[in-house]
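Chemist: Generate coordinates for the sequence data below:
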Amino acid sequence: MRKKLIVVMALAICAVACNSKKENGVPVVNLEALNAIPLDHAIDTLAKGTAFIDVTLPPNARIDELSQQELGLLKAAAYRFYHHVTLTDNQYKVNLKDPKSLHISDQVVKAYEQAIANTNHFADSMAKVGQAIQLPVVNEEYLNNLLK
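Modeler: Next comes the predicted model:
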């Protein structure tokens, strides 16, 4: 189930990366790769805290080119954001009244919101061609894997 979520989100993020303008500071986040690369330091306190997270990456940044510090920031930001994502009628909904409450830069929040929109669009387009997929729930197990 977790692998399906990772694959769907990775596809959505890749679609965003391919279709969006390349701007400085807009992170290209691949959640599958974020989950796959272990950290050499703990991020529990950062992910669960309120310290401001801002990740500025160069255009076309690849996960394997990032420092452990940058990876930790991306994972901590994903952990905070995806706590506000639910699955309703096979569509992800972001239940976030005030994005500033996440203490994450606007550009990172927008990148994750765009990834959610692309994932929902992908699921809809698959259903329209008769290949419906069931999007998996974002659960504690998935979120806790980001902390590693």
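Chemist: In the protein, what helix or strand scores lowest on average pLDDT?
Modeler: Here the helix or strand of the chain ranked lowest by mean pLDDT, DSSP states H and E is helix 2-19, holding a mean of 49.
Chemist: that's a helix at Met126, yeah?
Modeler: Yes - counting by DSSP: H, G, I helix; E, B strand; the rest coil, Met126 falls inside a helix.
Chemist: Leaving out the residues flanking it, which one is nearest to it?
Modeler: Distance criterion CB to CB, 6 or more residues apart in numbering; nearest residue to Met126, sequence neighbours excluded, is Ile133 at 5.2 Å. The way it works is simple: take the backbone N, C-alpha and C, and place the C-beta from them, glycine included.
Chemist: wouldn't that neighbour be in contact with Asn120 here?
Modeler: No - Ile133 is beyond contact range of Asn120, at 11.5 Å (criterion: CB atoms under 8 Å).
Chemist: between these two, who's got more neighbours?
Modeler: Ranked by neighbour count (other CB atoms under 10 Å), Ile133 and Asn120 place Asn120 first, with 17 against 13.
Chemist: beta partners of the closest residue to that one other than its chain neighbours?
Modeler: Nearest residue to Asn120, sequence neighbours excluded (CB to CB, 6+ apart): Gln91, at 4.9 Å. Note on Gln91: beta-bridge partners Thr88, judged by DSSP bridges.
Chemist: gap between Gln91 and Leu147?
Modeler: Distance of Gln91 to Leu147, computed by CB to CB, to the nearest Å: 26 Å.
Chemist: same deal with Ser101?
Modeler: Applying CB to CB to Ser101 and Leu147 gives a distance of 20 Å.
Chemist: The two: which has the busier surroundings?
Modeler: More crowded of Ser101 and Leu147, by other CB under 10 Å: Leu147, with 16 against 11.
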